[in-house]
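K.L.:
kindly generate the corresponding structure for this input.
(2 chains)
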Amino acid sequence: MFGAYAPLPLRLGDEFSATQHARIAADLVAAKRTCPFAVITIDIGASSATLVSYTGRNGSGADAAPTLLYVAGEVQLTWDKSWLDEYEREHVVNIGHLDPSVSSTTLKIANAYKNNANTVTVGLFTAAGSLTTGRVTLVVYGSTDARIDHYDGSTDKHDSATEGQEPYAWLWYREFQNMRGSAYSRELYGTVHAENLVIARQFAAVSRAAEKFEANQLPGTADERLESWQKILGVPTIYGDTRWDVRRECEAHYRVTLGNTQQSVDDAVQELLGDTFVSVTRTIGSDLDTPPSVTEWPGVNPGSSDYDMGGGAWKSVRAHYSVTVQQPVDLNDGSFHRLVRIKLYRLLDRVLPCWATFDWNTSDGFVVDESEFDFDGV
Amino acid sequence: MAITPTGSPAWVRNADHTTYGGDTEKANWKGIGVVNPKTDVGAEAFTRMCSDLAAVVLTAPWAEITLLMDDATPDDPTVEVCNLMTGVRSSSYAGGSPPDGFPTVTRVSDGVAKIAFSAAPEDPYSVAGTLALNHATVSVQSNTAACATYALSDENSDGSNDAVTVYVWTPSTGAAATSKRVTVTVY
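P.N.:
As a prediction, the model looks like this:
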């Protein structure tokens, strides 16, 4: 819904549907991931370098262009470490890929290499390998990720059942027109129209407030009271979490407050993990009288004395809850580990009985040497 | 009645966040956030969308073209794949006989081809925008050593570059490399 009868926030529905918005969010994320950070063309001279043209996500022209430093025939381009957009949001410059080309009618070869996250060096060579002068174009790609929730996207978005077809303000506007009767103008201009519109929008705000009150009663649809739900459910905020992340975690914890049955625990895990979830495994054994292997109890299959808390060691895989996960391609390592090592643990630690153990695994084997700082390991 | 979008098409590269409805003063009405986050898009997310789209539009390529030169016959190159901001064609065409909306690609000499675009392409809403090319990158698809360079030109003398000429070379000899497959990205 758009226009005077439908002030922000946008209510998804007939005119701008949830599926259309989802497509916008998805495609914008896709484009942002692979689009260059900047494209710059410079002239490399015998003793200096000159900017020819610059377009970047941080702006166009000389003001946004990196500083050029001529160093022994090559040119160093240095961007500011971060830049602010029109809304004062900070974006860190983190250069990933370089793609140089030569603008010339004769044979020359361009090379570029990265010095650090915000500095690159470019040089122009003859076929024989000597540095030379000329015009070079460099396409610079950042390694900035994007998510659909930056644009209020989420996989559970749907059209509004209340304002999806007609906004509240329009319904109230017609109501006021009818209340005033035929003695008052029904034209969509003039003083009467302006009065009706203003009052209709005010009453629409009341209608929206009632709907908002209802939505905030559950963590999955809460916005203003989401922080309250975090306190109630004991879900702390982790740096980097979006509101969708927080909402999803709160919803998962809320599910099991209704009783930690097998189904509710499984549903909560699936709610929390989303696309990361693969399956849950409980090793029960063929029947109660036939426990699965690795079941230990005194007098029958004694276990290690290390686990004896008095009376012998009691261990059974029946008490183990195993979650198989996968890392979706659009979930970076940091977010994935935050999800399975912190959030999943927090949920299962809370909802499973104290005699149960739990863990996560990936379906393609086991994982070793996982760096908390995303360093390369074995 | 057909709607006319605000601003100019993406390749004109003069869009900013306000073109898409962004405004630093934009806010949810009465300062109240979304009613239901599962059905609503708030002002903060909407302005983020506007800002990011404006940023992406600044650097998105105008065209990515892969063509196969024919210096043996000799004849105009075959355009194998052509991605434009205005349309995508994944089936090949003879460069000298382009379908509507796609560039003309002609052979200039051995290892040299010119790609000429429409000077003012139109977007899906029939809004025309002057094409002003500023940069290009070229690379050669080959299992032998070859490299490429480019030069922009203004074919209709309107002050804006609307064509790019590609030169393919054999580095060891400095001579033109013939009948190569080249990918050109134009900004």
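K.L.:
distance between the ends of stretch A:206-225?
P.N.:
18 Å (CA to CA, to the nearest Å).
K.L.:
what's that stretch in contact with?
P.N.:
Stretch A:206-225 is contacted from outside by A:156, A:162, A:168, A:172, A:226, A:228-229, A:233, A:243, A:247-248, A:250-251, A:253-254, B:32-38, using CB atoms under 8 Å, 6 or more residues apart in numbering or on different chains. Backbone N, C-alpha and C define where each C-beta goes, glycine included.
K.L.:
which of these are buried? Put it as a PyMOL command.
P.N.:
Buried members of the contacts of stretch A:206-225, defined by 16 or more other CB atoms under 10 Å in any protein chain shown, are picked up in PyMOL with:
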select buried, (chain A and resi 162+168+172+226+229+233+243+247+248+250+251+253+254) or (chain B and resi 32+33+34+35+36+37+38)
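K.L.:
pull out the buried positions in the lowest-mean-pLDDT helix or strand in chain B.
P.N.:
One helix or strand of chain B scores below all others by mean pLDDT, DSSP states H and E: strand B:87-89, with a mean of 87. Buried positions in strand B:87-89, judged by neighbour count with 16+ other CB under 10 Å: B:Arg89.
K.L.:
just confirm A:Tyr54 is within a strand.
P.N.:
Yes. Counting by DSSP: H, G, I helix; E, B strand; the rest coil, A:Tyr54 is found in a strand.
K.L.:
could you give the number of residues near it?
P.N.:
22 (other CB atoms under 10 Å in any protein chain shown).
K.L.:
same thing with A:Gln217?
P.N.:
10.
K.L.:
measure it to A:Asp156 for me?
P.N.:
In this view, A:Gln217 and A:Asp156 are 17 Å apart by CB to CB, to the nearest Å.
K.L.:
hmm, what's the outermost residue in the chain?
P.N.:
Because you didn't say which chain, this covers chain A. A:Ala183 (54.4 Å; CA atoms, centre = their mean).
K.L.:
switch to chain B, please.
P.N.:
Farthest-from-centroid check, chain B (CA atoms, centre = their mean): B:Lys30, 41.8 Å.
K.L.:
wait, that residue sits on A:Ala204?
P.N.:
No. Using CB atoms under 8 Å, B:Lys30 is not in contact with A:Ala204; the gap is 9.9 Å.
K.L.:
stretch B:41-51: how far from the chain's middle?
P.N.:
In terms of CA atoms, centre = their mean, to the nearest Å, the centre of stretch B:41-51 is found 26 Å from the chain centre.
K.L.:
just checking, next helix/strand downstream of the longest helix anywhere in chain A?
P.N.:
Ranked by number of residues, the top helix in chain A under DSSP state H is helix A:190-215. Sequence-wise, the next helix or strand downstream of helix A:190-215 (DSSP states H and E) is helix A:226-233.
K.L.:
the stretch 101-250 of chain A against chain B: which residues are in contact?
P.N.:
Residues of the stretch 101-250 of chain A lying close to chain B (CB under 8 Å from any CB of the partner chain) are A:101-109, A:127, A:137, A:139, A:146, A:150-152, A:154, A:156-161, A:164, A:201, A:205, A:208-209, A:211-212, A:215, A:220-224, A:243-244, A:247.
K.L.:
elements contacting the strand or helix carrying A:Arg135?
P.N.:
Under the criterion of DSSP H and E, A:Arg135 resides in strand A:134-142. Using 3 or more CB pairs under 8 Å, 6 or more residues apart in numbering or on different chains; DSSP states H and E, the elements in contact with strand A:134-142 are strand A:38-44, strand A:95-103, strand A:109-116, strand A:119-125, strand B:136-141.
K.L.:
apply 7 Å and report the result again.
P.N.:
strand A:38-44, strand A:95-103, strand A:119-125, strand B:136-141 (3 or more CB pairs under 7 Å, 6 or more residues apart in numbering or on different chains; DSSP states H and E).
K.L.:
which of those is buried the deepest?
P.N.:
Greatest average neighbour count among the helices and strands packed on strand A:134-142 goes to strand A:38-44 (a mean of 23), per mean count of other CB atoms under 10 Å in any protein chain shown.
K.L.:
check whether it contacts chain B.
P.N.:
Yes. Residues of strand A:38-44 contacting chain B under CB under 7 Å from any CB of the partner chain: A:Ala38, A:Val39, A:Thr41.
K.L.:
which residues sit in contact with the residue most central in space within chain A?
P.N.:
Residue closest to the average C-alpha location in chain A (CA atoms, centre = their mean): A:Arg147, at 3.6 Å. The contact partners of A:Arg147, taken as CB atoms under 7 Å, 6 or more residues apart in numbering or on different chains, are A:Val29, A:Thr242.
K.L.:
could you check the pLDDT of it?
P.N.:
For A:Arg147, the pLDDT comes out at 84.
K.L.:
same check, this time on A:Val378
P.N.:
Confidence for A:Val378, expressed as pLDDT, is 38.
K.L.:
for the chain, which segments count as helices?
P.N.:
Using chain A. Under DSSP H, chain A gives helices at A:18-34, A:168-180, A:190-215, A:226-233, A:243-257, A:262-273, A:333-337, A:344-351.
K.L.:
the chain in question should be chain B.
P.N.:
Using DSSP H, helices in chain B cover B:43-59.
K.L.:
ok, longest strand in it?
P.N.:
In chain B, taking DSSP state E as the definition, the longest strand is strand B:75-84.
K.L.:
and it, is it in reach of chain A?
P.N.:
No. Applying CB under 7 Å from any CB, one finds strand B:75-84 separated from chain A by no less than 12.2 Å.
K.L.:
what comes up buried for that strand?
P.N.:
Quick answer for strand B:75-84 (16+ other CB under 10 Å): B:Asp76, B:Pro77, B:Thr78, B:Val79, B:Glu80, B:Cys82, B:Asn83, B:Leu84.
K.L.:
do stretch B:103-110 as well
P.N.:
By neighbour count on 16+ other CB under 10 Å, the buried set for stretch B:103-110 is B:Pro103, B:Thr104, B:Val105, B:Thr106, B:Arg107.
K.L.:
JSON lines for those residues, including distance to chain A?
P.N.:
As requested, the buried residues of stretch B:103-110 are exported to JSON lines (distance: CB to the nearest CB, whole Å):
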{"residue": "B:Pro103", "distance to chain A": "18"}
{"residue": "B:Thr104", "distance to chain A": "20"}
{"residue": "B:Val105", "distance to chain A": "18"}
{"residue": "B:Thr106", "distance to chain A": "16"}
{"residue": "B:Arg107", "distance to chain A": "16"}
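K.L.:
give me the subset of the residues you listed lying in strands.
P.N.:
Reading strands off these with DSSP E, I get B:Thr104, B:Val105, B:Thr106, B:Arg107.
K.L.:
any regions of the chain where pLDDT drops low?
P.N.:
As the question left the chain open, I've gone with chain A. Residues of chain A that meet the criterion pLDDT under 70 lie in A:1, A:143-145, A:294, A:363-378.
K.L.:
actually chain B
P.N.:
Low-confidence segments of chain B (pLDDT under 70): B:1-2.
K.L.:
in it, which spans are strands?
P.N.:
So, for chain B - with DSSP E - the strands run B:40-41, B:63-70, B:75-84, B:87-89, B:93-94, B:104-109, B:112-116, B:136-141, B:147-153, B:163-169, B:181-186.
K.L.:
just the buried ones from the residues of the stretch 101-250 of chain A next to chain B, in ChimeraX syntax?
P.N.:
With 16+ other CB under 10 Å as the criterion, this ChimeraX line picks the buried residues out of those:
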select /A:101,102,103,104,107,108,109,127,137,139,146,150,151,152,154,157,158,159,160,164,201,205,208,211,212,215,220,221,222,223,243,244,247
